[in-house]
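Engineer: Output the structure for:
(4 chains, ligands or ions: 6)
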Number of protein chains: 4
Amino acid sequence: TADLRSDTLTRPTDAMREAMAWAPVGDDVYGEDPTILALQSQVAELLGHEDALFTPSGSMANQLGVRLHVAPGQELIADDLAHVLRAEMGAAAVLSGISARSWHANAGLLDVDAAMALAVTDGGAYQVGTSCVVVENTHNFGGGTVQPLEAMRELHRRAHERGMAVHLDGARLWNAHVATGVPLADYAACADTVSVCLSKGLGAPVGSLLVGSRAHMEQARVWRKRFGGGMRQAGILAAAGQFALEHQLERLADDHERCQRVARAVAATRGDAVDPAAVHTNILVLHVAPAGWSASDFIAATGERGVLGYAMGPEHVRFVWHLDVDDAQTDHAAAVLTDLVSQQA
Amino acid sequence: TADLRSDTLTRPTDAMREAMAWAPVGDDVYGEDPTILALQSQVAELLGHEDALFTPSGSMANQLGVRLHVAPGQELIADDLAHVLRAEMGAAAVLSGISARSWHANAGLLDVDAAMALAVTDGGAYQVGTSCVVVENTHNFGGGTVQPLEAMRELHRRAHERGMAVHLDGARLWNAHVATGVPLADYAACADTVSVCLSKGLGAPVGSLLVGSRAHMEQARVWRKRFGGGMRQAGILAAAGQFALEHQLERLADDHERCQRVARAVAATRGDAVDPAAVHTNILVLHVAPAGWSASDFIAATGERGVLGYAMGPEHVRFVWHLDVDDAQTDHAAAVLTDLVSQQA
Amino acid sequence: TADLRSDTLTRPTDAMREAMAWAPVGDDVYGEDPTILALQSQVAELLGHEDALFTPSGSMANQLGVRLHVAPGQELIADDLAHVLRAEMGAAAVLSGISARSWHANAGLLDVDAAMALAVTDGGAYQVGTSCVVVENTHNFGGGTVQPLEAMRELHRRAHERGMAVHLDGARLWNAHVATGVPLADYAACADTVSVCLSKGLGAPVGSLLVGSRAHMEQARVWRKRFGGGMRQAGILAAAGQFALEHQLERLADDHERCQRVARAVAATRGDAVDPAAVHTNILVLHVAPAGWSASDFIAATGERGVLGYAMGPEHVRFVWHLDVDDAQTDHAAAVLTDLVSQQA
Amino acid sequence: TADLRSDTLTRPTDAMREAMAWAPVGDDVYGEDPTILALQSQVAELLGHEDALFTPSGSMANQLGVRLHVAPGQELIADDLAHVLRAEMGAAAVLSGISARSWHANAGLLDVDAAMALAVTDGGAYQVGTSCVVVENTHNFGGGTVQPLEAMRELHRRAHERGMAVHLDGARLWNAHVATGVPLADYAACADTVSVCLSKGLGAPVGSLLVGSRAHMEQARVWRKRFGGGMRQAGILAAAGQFALEHQLERLADDHERCQRVARAVAATRGDAVDPAAVHTNILVLHVAPAGWSASDFIAATGERGVLGYAMGPEHVRFVWHLDVDDAQTDHAAAVLTDLVSQQA
Ligand SMILES: [Ca+2]
Ligand SMILES: [Ca+2]
Ligand SMILES: [Ca+2]
Ligand SMILES: [Ca+2]
Ligand SMILES: [Ca+2]
Ligand SMILES: [Ca+2]
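Structural biologist: Ligands and ions are numbered 1, 2, ... in the order given. Predicted coordinates:
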């Protein structure tokens, strides 16, 4: 079976488990876990920000980030497929009283003009003020698309000119970096805060980090406790992150290559299902409606043949490559997907 | 001076003041104010719903409406100029933990396909579910535009098919009714809850109502108290509403005619400032950028010549007709606006 | 019938109605209603604070006050019968994310040591910090009891020493002032913000005010809009407040005298039902359990004989004197209550 | 050094680390982590409830529990030292809009009459309704005190009679069980939901569980994701919990014995500092004010001599025994504390 439902499925390797087992730990709620402190420093430095904070999930890292920038009753804006609006269960409104509006973006790709046109920064006391723009790179529901660095720079500049902060949802920023060779810090320089996840392509079992200024991280630490994210001897988890950054970052290129290979195979069979040029990293989204399939039927059919994926709405399906998927599984997936799209459902 | 900043500026006439002065009253927090009860019944009947609830503001009526339909952590969707998202200070997130996304709509006009494409109703336990679509008719920031009844009916049908409620922000539904002749109840039949305002074109000093089912109004009454909107002998205010419905509803046609007259005058001078066919009711939005004006400079210039308006963002200005603006003031406004758009700023 | 359920039941007199009818008005959301502005100035001056803000209810005035002092995730403390905790529907938590704890107070009377012992002002980043103490004067569920000025001064001093603000719920501060002769400003000097109600003993139909510093009132104005409390030509309501302050303030003494008279009559019959010395103003609470009554049965029995009251929990009943209760109704109430407490239920 | 600041400081032993390293894992956000599932079943069974849910912290377990029982705008009640009100950063208000009041309890010991007197269950539409009573056993800020089973049973019965739920904050329920021999399930039968912590005395690095009905746990799973507590391959952490339950539960008796030994030593020197009979488990609270010490000076003094503790307010200090404190450290602590309390500061 090829389990391509998500790259969150990655499991720790034996070597990673060894690293975790013997990590020095302390009480991180008191800021005394040495492995957590080391990982936070390492990730802050990688991303070129002052400090970092470990969190139990990417959602919590994002929610802490936007909390720092947007007061209750103010607004964030994001594209209408953004994870922070679509897949975090309304947390920004519930936890922080943050209002939101969204612009439409094809394949999640950043449209700076649309974002700037949506923002309201002169609303005075009678309109909601837009305090923060969220960008997601790579973009999950957009199909793993990479945001161009130039667009991110322009967004950052124009947002700051109008007094808005930028939060980068970088759950898969690692994939953008590996796909393009752009240094992580160059992307991260386009945002006031950045979240990154250890538990997706990197292959760690649990954990994300928020990075930003020292003052912001101090505030975020208090809010992390309030959100219930204060963990004690979390160094066990951080050790997996250290291991992943050393040993499992560059290999994301293999996931991208495998995903691209399947995209090309499917496109060769049925060009309206996917454009390989739009498959930037490890996520393959197929449009199965033109072939007469509903998303749920298609996923059921692939599942019967040992290829697990995810229905994204009624017409699209998603397959995600990761550490636990090898070449043989990839070949099998290519065969199954190619075969199914070429059938009329 | 012609004060065209907003139709909320309307002041009670002497006859309305007499009606208010002698209204029978009781304690409405206990549900014992006879004038409130009578107005609630009258408006519920006009709109063809079971019951109604009086509120101190249109914002509170809208916020009670969406509260009924959307649980904390769930989502409402609306167009990106909607009053409920733009001008209610993020209340849905703050008061009710309601998340939001928006579709883009030209002049606020309802795009049912865009709304339906945005909604997520199959997200399961991992995505925010869209529980409510908000429609605004007439649309304030859209320029007083009237939503076609057919579009509202289609929205209502398709939303219900997918398990979503519809809330109609009908602050100026009176204007839509007078402009088109469509019965109020026909519009209101396209929504589960409807808010209407007494204090805008109708000319009452204070008050709005929410209408909907009896069960919904009972819940809304409790939440009204929680929001701080429980008023005691509010019948004084309701009497103004009764008076306005009897004496000041049909005259909205005068506001529309005056507004249209000025739209035509401006368009005759400078066709890129406004399309009179897009001016449906009492709100005139001019695009002043093509004439070289910034919105704020233009408003300053009209103000110096006794015509008060409102800058809507950097390039547009708004002028609103209402009870306290007569033909002479309208002629003056037409002269000033025509003159200014024909100058290069 | 003597309707003694609450002093919120007061209805405007003819003279007050005349004053309301002809009040000059403007759009108060824009800060342009002259009668609102005049009333706000008058009340601010009466209470010795910089500025005031009109609100549709006492709950909203209280909720704006505590919002100013307590950030989300911080705490207010109050006695366990306080209106702000018991009768405002959990609004502080819902609207502002404010946590709370309570101290126990006999008859609502302020126990400064208990309040100070409860407060946590050295909790650092691991405990909730107490940001505000709320005092209620007179105390509604405490039975209209007056807080001693010295206790209020001590609370204010000790709270400020520890960095906490004080909010005074002065819905019935007028009654305290009339009962004791202590100037309103002396009470109000013991708090950072004060709410007062026009619609209870003062007899206005609708409205309350929050007073405090100019900076606080500016913030409160924005939050009032967010809470849905922005009203347009609210000067109609403010005129009733002006009238009440001029003509109906000193007469609260009559309510106090009548309430005391009934307290004495009941106590003469049955000393365990009430201690007249604990009846400070216009609220009479009787302990009916010793006479064998349940509160609800007792209220049913008085109601059958034309005396309406309110069951406060299982053993106590409440009767409130106000503008619309005269000597004859008072005599009748005394007869009925005396008779019923002397019967075994 | 004896680090007695908290039992959260416990670090995993080598044997526990081995167990963690080789735990089978899956994606727990999808409910597919076998070790998480096994631990949840084990703890649910131990506590006699249908199901359990793993969380990153005890705060999150408590917050999910109260969320299930209390709708926004309703109320929970707890004693005024309760962790849920004092040490969870106001989370119930922020995350769930839950209002609160508190009763006073000596040493945190449950006073059922006080709790029942505080609850309001007949408030109708005008008062906050009390939906949940929270009990903490053992009681942290009360000094590790054990709640008598009979009191808990009475509370449960009387709360249910009045329509209220009971949530048991059982972060240290293990200690109560070991101290008294009362089965865990007997305590847990007195509550609708129970939280327990693995990372305190039990010695696991991270994790807590909420237990309750299957329907409640399903809801809690959705809210856990919203709160940012969804972790992926969390089985690594659950394996530590399994190990702790097998190997490190009964040894809590050693902590209790050591703590009691020090309590007696101190009391023998200075009887007003502590009553050994009130020291039930692993937490020693000393009243140092009678000896002339401030809490912060005392903690500084013990710290200089290698005994780390925690200042609880201005007059009390806390020392907590746990897995990483042995007999020698205990003897040293006894010597230091005895010496210091016998000095005049
Ligand atoms: Ca994310
Ligand atoms: Ca993983
Ligand atoms: Ca008006
Ligand atoms: Ca009050
Ligand atoms: Ca009244
Ligand atoms: Ca631990």
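
Engineer: Could you measure from the residue of the stretch 1-150 of chain A found nearest ligand 3 over to C:Q219?
Structural biologist: Nearest to ligand 3 in the stretch 1-150 of chain A, going by CB to the ion, is A:Y126, at a distance of 15.9 Å. Bear in mind the C-beta positions are built from the backbone N, C-alpha and C, glycine included. Here the criterion is CB to CB, to the nearest Å. By it, A:Y126 lies 15 Å from C:Q219.

Engineer: same question, A:A204
Structural biologist: 44 Å.

Engineer: Those two: who's more crowded?
Structural biologist: More neighbours surround A:A204 than the other of A:A204 and C:Q219, with 29 against 15 (other CB atoms under 10 Å in any protein chain shown).

Engineer: So which residues on the stretch 151-300 of chain A come close to ligand 2?
Structural biologist: Where the stretch 151-300 of chain A comes near ligand 2, counting by CB under 5 Å from the ion, the residues are A:S199.

Engineer: In the stretch 151-300 of chain A, which residue sits closest to ligand 5?
Structural biologist: A:R226 (40.6 Å).

Engineer: ok, that residue touching D:A93?
Structural biologist: No: applying CB atoms under 8 Å as the test, A:R226 and D:A93 come out as separate, 10.1 Å apart.

Engineer: So between those two, which is more surrounded?
Structural biologist: A direct count of neighbours by other CB under 10 Å for A:R226 and D:A93 places D:A93 higher, at 30 against 23.

Engineer: Report the contact partners of that one.
Structural biologist: D:A93 makes contacts with C:P72, C:G73, C:A92, C:A93, C:G97, C:I98, C:S99, C:A100, D:S99, D:A100, as judged by CB atoms under 8 Å, 6 or more residues apart in numbering or on different chains.

Engineer: Which helix or which strand is home to A:Q42?
Structural biologist: Using DSSP states H and E, the secondary-structure element containing A:Q42 is helix A:34-47.

Engineer: where are the low-confidence patches of the stretch 201-345 of chain A?
Structural biologist: Low-confidence regions of the stretch 201-345 of chain A, defined by pLDDT under 70, span residues A:344-345.

Engineer: Return the nearest residue of it with respect to ligand 6.
Structural biologist: A:R232 (4.5 Å).

Engineer: ok, that residue - how many residues close by?
Structural biologist: Counted with other CB under 10 Å, the neighbours of A:R232 add up to 29.

Engineer: just to revisit the earlier point, so the nearest residue to the residue of the stretch 151-300 of chain A closest to ligand 5 once chain neighbours are set aside: helix, strand or coil?
Structural biologist: Nearest-residue entry for A:R226: D:M89, 3.8 Å, with adjacent residues in sequence omitted and distances by CB to CB, 6 or more residues apart in numbering or on different chains. When the structure is split into helix, strand and coil by DSSP: H, G, I helix; E, B strand; the rest coil, D:M89 lands in coil.

Engineer: Identify the residues contacting stretch A:263-283?
Structural biologist: Stretch A:263-283 is contacted from outside by A:7, A:107, A:138, A:140, A:143-146, A:172, A:175-176, A:178-179, A:201, A:252, A:255-256, A:258-260, A:284-288, A:290-291, A:318-322, A:334, A:337-338, A:341-342, using CB under 8 Å, 6+ apart.

Engineer: List the buried residues in it.
Structural biologist: Neighbour-count burial for stretch A:263-283 flags A:263, A:265-267, A:269-270, A:273-274, A:276, A:279-283 (criterion: 16 or more other CB atoms under 10 Å in any protein chain shown).

Engineer: in the stretch 1-150 of chain A, which spans are helices?
Structural biologist: Listed from the start of the chain, the stretch 1-150 of chain A has helices (DSSP state H, counting those that start in this stretch) covering A:14-21, A:34-47, A:58-69, A:83-86, A:91-96, A:112-118, A:149-161.

Engineer: ok, now the stretch 151-300 of chain A?
Structural biologist: Using DSSP H, counting those that start in this stretch, the helices found in the stretch 151-300 of chain A span residues A:173-180, A:184-188, A:214-226, A:235-247, A:252-269, A:295-304.

Engineer: ranking the ones you listed by burial, who's on top?
Structural biologist: Most buried of the helices of the stretch 151-300 of chain A, by mean neighbour count (mean count of other CB atoms under 10 Å in any protein chain shown): helix A:235-247, with a mean of 25.

Engineer: the inter-axis angle of that helix versus helix A:34-47?
Structural biologist: When axes from the mean of the first three to the mean of the last three CA atoms, to 10 degrees is applied, the directions of helix A:235-247 and helix A:34-47 differ by 40 degrees.

Engineer: Just list the residues touching A:L202, thanks.
Structural biologist: Residues touching A:L202, when contacts are defined by CB under 8 Å, 6+ apart, comprise A:T10, A:W174, A:G241, A:A244, A:L245, A:Q248, A:L249, A:L252.

Engineer: what would those look like in a markdown table with distance to D:G65?
Structural biologist: Written out in a markdown table, the entries for these read as follows (distance: CB to CB, whole Å):
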| residue | distance to D:G65 |
| --- | --- |
| A:T10 | 31 |
| A:W174 | 36 |
| A:G241 | 30 |
| A:A244 | 34 |
| A:L245 | 36 |
| A:Q248 | 37 |
| A:L249 | 39 |
| A:L252 | 40 |
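
Engineer: sorry, back to before: give me the common contacts of A:R226 and D:A93.
Structural biologist: Both A:R226 and D:A93 are in contact with C:G73, where contact means CB under 8 Å, 6+ apart.

Engineer: closest to ligand 2 among the contacts of D:A93?
Structural biologist: Of all the contacts of D:A93, ligand 2 sits closest to C:G73, with 31.0 Å by CB to the ion.

Engineer: how much space between that closest one and D:V94?
Structural biologist: For C:G73, the distance to D:V94 - CB to CB - is 5 Å.

Engineer: And the two? Which one has more around it.
Structural biologist: For C:G73 versus D:V94, the count of surrounding residues by other CB under 10 Å is larger for D:V94: 28 against 23.

Engineer: Per-residue pLDDT of the more buried one, please?
Structural biologist: Confidence at D:V94, expressed as pLDDT, is 98.

Engineer: For chain A, what lies in contact range of chain B?
Structural biologist: Neighbours of chain B within chain A, by CB under 8 Å from any CB of the partner chain: A:72-75, A:80, A:85-94, A:96-104, A:118, A:120, A:122-123, A:126-128, A:313-314.
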